[in-house]
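Engineer: Provided below are the primary sequence and the corresponding predicted coordinates.
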Amino acid sequence: MSAYNVYDAPLGSLVRYFDGAPKPPARFTKKLAAWQTRNGVGRLVRRQPSRERATYTAPASITLHEGDFASGSVILVTVMRTHSVDSELGFEIVERPKIGMVRVLHPIGDEEELLHLAENREAAELWLAKTGHSRCSLEEITADEVGADVVEGRAAA
């Protein structure tokens, strides 16, 4: 599957990306580090449409949240990777958000970014109160959304 198909997936989907190369042995640390930059799993948190400027055109892209590195309860580093829809990497949707889960969305310009995916509305409201984010909206995953993915052939394998 290409990144273009993942672009249409619902925010919060778990996406695996890969280059098809076998994983090198752990003793080859540099080769392994290079392989890990082209093979991984992340949650779809943002879609950006193509942008046209006077001197270039940027293709549409997806941003995947791969994880956070924390010390205690303080997040020190957040790892996100942005991939162009015309990337040569392969992409596969591993898991879609389940019915009843709630997305915490933050507006960025005309687009929205997923800040958190909660198990239910109460957990989402608690997360919002704890983190102090403002201007966020809550969006519940409905049966209609999940059903539309199946009908349109976008269901995870």
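Structural biologist: Arrived safely, thanks for sending.

Engineer: beta partners for the most centrally placed residue in the chain?
Structural biologist: By C-alpha atoms, centre = their mean, the chain has its centre lying nearest to L44, at 1.3 Å. For L44, the beta-bridge partners under DSSP bridges are L64.

Engineer: Let me know the pLDDT of it.
Structural biologist: pLDDT, L44: 95.

Engineer: Return the residues in contact with it.
Structural biologist: 6, 9-15, 62-64, 114 (C-beta atoms under 8 Å, 6 or more residues apart in numbering). For glycine as for every other residue, the C-beta is placed from the backbone atoms N, C-alpha and C.

Engineer: now the residues you listed in CSV, with pLDDT?
Structural biologist: Shown next, in CSV, are the contacts of L44 (pLDDT from 0 to 100):
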residue, pLDDT
V6, 90
A9, 91
P10, 93
L11, 93
G12, 94
S13, 95
L14, 96
V15, 95
I62, 93
T63, 93
L64, 95
L114, 95
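
Engineer: show me where this protein has helices.
Structural biologist: 3-7, 29-37, 121-131, 143-151 (DSSP state H).
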